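**Student:** test case, fold it:
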Amino acid sequence: MCRPGSPGHKLQTRDPLSDIRVRHAIAYAIDMDTIVETLLEGKAISAVGLLPNGPLKPEGLNAYKYDPDKARELLKEAGWDSSQELDMVYYYADQLTADMMAAFQAYLADVGIKMNYRLLEGDVAAQLNTVPEDPVNGPSAVKWNLGYGARAALALQEYYNGFATGSSAHTPGSPEMDKLIAGINATSDPAKLKTAYAAIQTYENEQLDTIPLYYQQLFIYESTRLNRNGHEYGNEQYNYDWGIVDWTVEPDADGKKVLYTNTAPAQFFEQPWLNLGIWIHNKVVFDHLLVADGSLTSFGPQLAESYNVSDDGMTVSFTLRDGLTWHDGSPLTVEDVAWSIKTAMMIPTVNPVVSNTIHSIEGADAYSDGSADDVSGIALDGNTITLTFATLDPNVLLSFSQFAPLPAKYFPDIDPLQIQQSSFWQKPIGSGPFMVSEVKMNDFTTMVPFPDYFGGVAKIDEIVAFPSGDGDGNLLKNAGAHKADYGFTKNTADVSALEGMDFMKVTPADIPYTRMMWINHYPMN
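**Tutor:** This is a model prediction of the structure:
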């Protein structure tokens, strides 16, 4: 049987990108090395495959180096109709992305492919991700041919799970891909995972359902006032063992040690189960059962004093430290942990990796659909919570290094779907090394050390955080005014400007963050 998009599949006029030769031609037509050196100022890495560079990358992957003659040859073989015009969509509103769209347009035009581009507005997620009713044959439920976006992965399975039948808005399901996806989710054994990842990368490198463009680095900036005192750097978008209780900053004129940063809330604090480490309060106000190293591959105890994973990976237990408290002084208990896990089963706004872990627990589906009053796979005994899994989850330890328990008493009888509407999020109570002190929404938030934190009292007297999202339009202004002691950015223009300030230090970090071009194989209505 010939899979749609294989070399023997005839190009259809209503879905011109289903021909594998056309997808290969698009990849060969774009000179990513030049784009990296010019538009990205050398602060990125041309991508070979969706997964970032590292030990899981197999030998022999095709890098699709710039070859416009090869692109023209493939288009000719495919019978490309040069009168048709492709529609490219993107969702980043910055000038760099607009410049990149113009570059893509020029490269494609050079080989005979017309392409227009437009910025998505409104419900961007629906416009990008709506899956066809028939996930094999279509027609497409989205109205674009090409899409520019990114995958910032917490767990590497995220790069491929979205290709499973019924999951993708742009790539038809296939038995081959479904089998390969099952392989990368069937084990937590590193050797077996390496083999499984090699197989899926090799397959997708040939199919090229999505074109990997470049690996975006993350840049951690720090003022010379700040000293991390030897603690490691890692992926700042998530939670890891960065040792902030040991950080120090130079005192101001009043002798107060204040650290200025960003990613504070503008209108309300977002619950910490979705964007994990993007917001500063997720990093310092809330704590986690486990702690990860900077690479998010090795784990140790945090709120949990100890933990145990059964040999088959189907049972995991966590024993909390004695004497843990919330910032209001009330005890932090395994009942809080259990309530948090059960609540997260009921809401859609949970990071996909964490959600998969939670929904793999025995009885999770019955509880979330209302057919059971409790979760059969959650058991409490003293200070210990034990989770029994219905299906193996290879990322259970990773998930519980990111999932922050919340104090159940502040959410009495709340509808889980309405949890973000609780007044709790105007000034939340957590268990981390800092607690919220003052909130001026859309202005600033201050956080001060939690005196009873089990890991010791932080040496910084106060954190002052200014509102911003993932991409701070006021970063350079605040940095120039000495109001930015710590943060991170992926904006290369900001990086160059920060590097030009003699009181700022910028440290690049390699992270699982791939910019890519999605290709819609489905026929349009």
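
**Student:** I'd like the distance from stretch 402-412 to the chain centre, please.
**Tutor:** 22 Å (CA atoms, centre = their mean, to the nearest Å).

**Student:** buried set for that stretch?
**Tutor:** Under the neighbour-count criterion of 16 or more other CB atoms under 10 Å, stretch 402-412 has 402, 403, 404, 405, 406, 407, 408, 410, 411 buried. No exception for glycine: its C-beta is placed from N, CA and C like everyone else's.

**Student:** kindly report the same for stretch 377-396.
**Tutor:** 377-378, 383-389, 393-396.

**Student:** just stretch 420-430 next, same as before
**Tutor:** Buried-residue list, stretch 420-430, by 16+ other CB under 10 Å: 424, 425, 428, 429, 430.

**Student:** equivalent analysis for stretch 73-90, please.
**Tutor:** 74, 75, 78, 80, 86, 88, 89, 90.

**Student:** and what of stretch 348-368?
**Tutor:** Counting neighbours by 16+ other CB under 10 Å, stretch 348-368 gives 350-351, 353-364, 367-368 as buried.

**Student:** out of the residues you listed, which are inside helices?
**Tutor:** The helices, defined by DSSP state H, take in 353, 354, 355, 356, 357, 358, 359, 364, 367, 368 from the buried residues of stretch 348-368.

**Student:** phi, psi of the closest residue to the fifth one other than its chain neighbours?
**Tutor:** Going back to what we said before, that points to residue 357. Distances taken as CB to CB, 6 or more residues apart in numbering place residue 399 nearest to residue 357, at 3.8 Å, with adjacent residues excluded. For residue 399, the backbone dihedrals are phi -60, psi -40 (criterion: degrees, to the nearest 10).

**Student:** any idea how many residues pack against residue 337?
**Tutor:** 24 (other CB atoms under 10 Å).

**Student:** element containing it, please.
**Tutor:** helix 334-346 (DSSP states H and E).

**Student:** again with residue 21
**Tutor:** Residue-wise, residue 21 maps onto helix 20-29 under DSSP H and E.

**Student:** what average pLDDT does that helix get?
**Tutor:** Averaged over helix 20-29, pLDDT sits at 98.

**Student:** following element in sequence after it, please.
**Tutor:** Beyond helix 20-29 toward the C-terminal end (DSSP H and E), the next one is helix 32-37.

**Student:** buried residues of that next one, list them for me.
**Tutor:** Neighbour-count burial for helix 32-37 [16+ other CB under 10 Å]: 32, 35, 36.

**Student:** which outside residues touch that helix?
**Tutor:** 42, 44, 45, 46, 47, 65, 66, 100, 103, 213, 214 (CB atoms under 8 Å, 6 or more residues apart in numbering).

**Student:** please repeat the previous calculation with a cut-off of 10 Å.
**Tutor:** For helix 32-37, contacts defined as CB atoms under 10 Å, 6 or more residues apart in numbering pick out 31, 40, 42-48, 63-66, 99-100, 103-104, 107, 211-215, 492, 515.

**Student:** report the central residue of the chain.
**Tutor:** Centroid-nearest residue in the chain, with CA atoms, centre = their mean: residue 152, separated by 3.7 Å.

**Student:** for it, list each beta-bridge partner.
**Tutor:** Judged by DSSP bridges, the bridge partners of residue 152 are residue 513.

**Student:** need the max-distance pair from the buried residues of stretch 420-430.
**Tutor:** 425 and 430 (11.6 Å; CB to CB).

**Student:** mutual contacts of these two, please.
**Tutor:** 269, 281.

**Student:** ok, back up a step: any idea which of the buried residues of stretch 377-396 is closest to residue 116?
**Tutor:** The closest of these, once distances to residue 116 are taken by CB to CB, is residue 395, at 39.5 Å.

**Student:** strands of the stretch 51-200 of the chain, residue ranges please.
**Tutor:** 85-90, 114-119, 146-152 (DSSP state E, counting those that start in this stretch).

**Student:** could these go into a markdown table alongside mean pLDDT?
**Tutor:** Listed next are the strands of the stretch 51-200 of the chain as a markdown table, based on pLDDT from 0 to 100:
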| stretch | mean pLDDT |
| --- | --- |
| strand 85-90 | 96 |
| strand 114-119 | 96 |
| strand 146-152 | 92 |
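
**Student:** using JSON lines, please lay out those strands together with distance to residue 479.
**Tutor:** Listed next are the strands of the stretch 51-200 of the chain as JSON lines, based on distance: least, CB to CB, whole Å:
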{"stretch": "strand 85-90", "distance to residue 479": "27"}
{"stretch": "strand 114-119", "distance to residue 479": "27"}
{"stretch": "strand 146-152", "distance to residue 479": "23"}
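
**Student:** related to what we said a few turns ago, the residue nearest to the centre of the chain contacts residue 217, correct?
**Tutor:** No: using CB atoms under 10 Å, residue 152 makes no contact with residue 217, being 11.8 Å away.

**Student:** give me the common contacts of these two.
**Tutor:** 490, 511, 513.

**Student:** show me the contacts for residue 39.
**Tutor:** Taking CB under 10 Å, 6+ apart as the test, what residue 39 contacts is 96, 97, 99, 100, 102, 103, 492, 493.

**Student:** among the residues you listed, which are in helices?
**Tutor:** Using DSSP H, the contacts of residue 39 in helices are 96, 97, 99, 100, 102, 103, 492, 493.

**Student:** so residue 202 versus residue 474, what's the distance?
**Tutor:** The gap separating residue 202 from residue 474 is 44 Å, by CB to CB, to the nearest Å.
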